[in-house]
Every structure is written in structure tokens, then in C-alpha cells.
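K.L.:
need a 3D model of the sequence below.
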Amino acid sequence: MKSLIIASLMFSWSIFGQTPEERGLEIAQMMKTATEGFVSDSSEMEMILIDSYGTRVSRKMKGISIEGQNDEGRALTEFLSPADVKGTKLLTHSHKGEDDDQWLFLPAMKRKKRISGGARSSSFMGSEFSYEDLGSQDIDKFNFKFIADEPIKGGKAWRVERKSKKRSGYSKQVMVVHQEYLSPVTIEYYDRRGGLLKVAEFTDWKQMKVGSKNFWKSGNVHVKNIQTKKESIFKWEKRELGKSVDAAMFSPGALR
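P.N.:
Here you go, the predicted structure:
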């Protein structure tokens with residue numbers, strides 16, 4: 001059924017002569033529809049930091065997010081080890097078309113600080129992921145442009161550009177969107193001067209189910225900074241979707 005829908009959309013594009021911007025937005029809307037209905041997403045995670053010399057540092061985490069209504073999702077990540085970061089938490093409140101609210105709780109200082117403005121483009125805990133990367137990617141926050149159909153190993157994809165409508169650490173992002181997963185398998189991030197900054201590759205895809213709906217989820221994202229030669233890897237383990245979650249845990253006042 002999904003393949004028939006995609007074929008129909010591609011046929012209508014050729015018949016009615018969509019602009020690259022219209023086609024890009026249509027693909028983004030398909031991606032959004034594919035991710036709706038997961039209810040909640042909980043997992044254990046490992047973040048691996050790799051410096052330019054190849055030295056690795058591993059950090060263990062746990063995370064949980066809830067879908068919310070009107071794209072007002074919530075996400076909480078907590079570091080479990082090593083000792084120097086244990087208890088550090090990142091709380092994100094997503095907003096439709098607006099900047100997310102984010103708070104970082106630092107246990108050593110027993111206080112939380114709000115991440116806002118230019119700080120959103122800074123590194124999250126020394127990784128190649130920014131706070132902006134870890135926020136919501138709601139389609140109302142971007143302008144989209146279809147670039148080309150693109151063959152990839154084991155399937156077909158679309159190359160789509162997106163540019164933030166608001167202040168961002170990136171001039172643009174270019175996604176390679178898998179036509180079956182309806183999710184990026186590669187994202188290229190360009191700095192504010194237009195140079196390629198880093199590339200994220202999403203692998204270890206698994207199909208998960210909530211009710212009657214199937215979801216494709218990546219179990220590994222590997223980010224390589226082209227300019228600094230540093231790398232970061234996120235791995236998801238023991239991942240579960242659709243669990244009942246107490247929304248009170250996502251209150252800024254609960255960060256302690």
C-alpha cells in the first residue's frame with residue numbers, strides 16, 4: 001500500500017508540474033505522517049566521542065520522549081556514566097514552528113540552565129551533536145526544496161534540502177530520504193558560510209510497531225565533522241515505543 005501511495009504522489013508531481021519547493025514540502029509532509037502515532041519512545045543509549053587522533057570516550061545514557069499534541073512533544077535524556085557526567089539531564093519541550101525550550105541540569109552545581117539563542121548551535125556535552133540537532137525537526141520550522149531522485153544501496157531515495165526559517169547554526173541541511181523508511185539515511189550540515197561542516201549517517205534500521213502502525217527506527221547515527229575530524233556516535237538499545245508515560249517527569253521543576 002505504501003509503495004502505491006508513493007508512486008501516486010510521484011505521478012501527480014510529473015503531471016501537475018510541482019516546483020522543487022512544493023515537491024520538497026510534500027516529501028517532508030510524508031515523513032511527518034510516517035512518524036506520527038508512536039506515543040512514546042524509551043531506550044538505553046551509548047554516546048561515543050572520537051577525537052581527531054581516534055581516541056574514544058564512551059558515555060551511557062537513558063532517554064524517553066512523548067509525542068504530545070499539536071507537535072508539542074517532550075524529551076528527557078539522562079547520563080548514567082561515567083562519574084563526571086552522571087546525573088546530567090537534558091530536557092526538551094518541542095514547539096510547532098517555534099524554537100524549542102531546552103534545559104540542561106548539572107548535578108555538580110545542583111542547578112539547571114536554559115539553552116536559548118545562539119547557544120542552541122553549540123556542542124552538546126562535547127559531542128558533534130548540537131542542541132539544535134537534539135531538538136524537534138518539525139516541518140513548520142523549515143523551507144524545503146527537492147533536489148533529485150537518488151539511488152541508494154537496497155532502495156531508492158530523494159535528495160531534499162531544508163533551511164531553517166529562524167536563527168540556526170546551519171546555512172542549510174541536505175537530506176537523503178529513504179523512500180521506504182520515509183526518514184533520512186544521511187544528512188549533510190553546512191555552516192553559516194556555506195561550507196560542509198559535518199555528515200550524519202543513520203544505520204541499523206529496525207521496524208517497530210505501535211497498534212496497527214509500523215515505524216522504521218535507526219539504531220545508530222554516526223556524525224563525522226569534516227572540518228575538525230572529530231566524530232560522535234549515538235547507539236540505541238532496548239528501545240520501546242508506545243508505553244504509557246507520566247507527563248509530570250518532563251516538567252522543568254522535576255529536574256534534580
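
K.L.:
contacts only, for the residue nearest to K166 when sequence neighbours are not counted.
P.N.:
Distances taken as C-beta to C-beta, 6 or more residues apart in numbering place D99 nearest to K166, at 6.3 Å, with adjacent residues excluded. In this view, the C-beta of every residue, glycine as well, is placed from N, C-alpha and C. Going by C-beta atoms under 8 Å, 6 or more residues apart in numbering, D99 touches S116, R120, G135, K166.

K.L.:
ok, the residues you listed vs L25, which is closest?
P.N.:
Ranked by distance to L25 (C-beta to C-beta), those are led by K166 at 17.1 Å.

K.L.:
need phi/psi at the closest one.
P.N.:
phi -120, psi -180 (degrees, to the nearest 10).

K.L.:
where does pLDDT dip in the protein?
P.N.:
Residues of the chain that meet the criterion pLDDT under 70 lie in 1-16.

K.L.:
what segments of it are strands?
P.N.:
Applying DSSP state E to the chain gives strands spanning 40-50, 56-66, 74-81, 89-93, 101-106, 111-115, 142-152, 155-164, 172-178, 183-190, 196-210, 213-225, 231-241.

K.L.:
format these as TSV; extra columns: mean neighbour count and distance to F129.
P.N.:
Shown next, in TSV, are these (neighbours: other C-beta atoms under 10 Å; distance: least, C-beta to C-beta, whole Å):
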stretch	mean neighbour count	distance to F129
strand 40-50	18	8
strand 56-66	17	12
strand 74-81	19	11
strand 89-93	21	10
strand 101-106	18	13
strand 111-115	15	13
strand 142-152	16	18
strand 155-164	18	16
strand 172-178	21	14
strand 183-190	20	10
strand 196-210	15	9
strand 213-225	17	6
strand 231-241	17	6
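
K.L.:
G253 is nearest to which of the ones you listed?
P.N.:
Of the strands of the chain, nearest to G253 by C-beta to C-beta is strand 111-115, at 9.4 Å.

K.L.:
next, the contact list for the nearest residue to S58 once chain neighbours are set aside, please.
P.N.:
Nearest residue to S58 in three dimensions, chain neighbours excluded: I48, at 5.3 Å (C-beta to C-beta, 6+ apart). Neighbour list for I48: R56, V57, S58, R59, S232, I233, K235 [criterion: C-beta under 8 Å, 6+ apart].

K.L.:
ok, these vs K206, which is closest?
P.N.:
Using C-beta to C-beta, the contacts of I48 come closest to K206 at K235, 12.5 Å.
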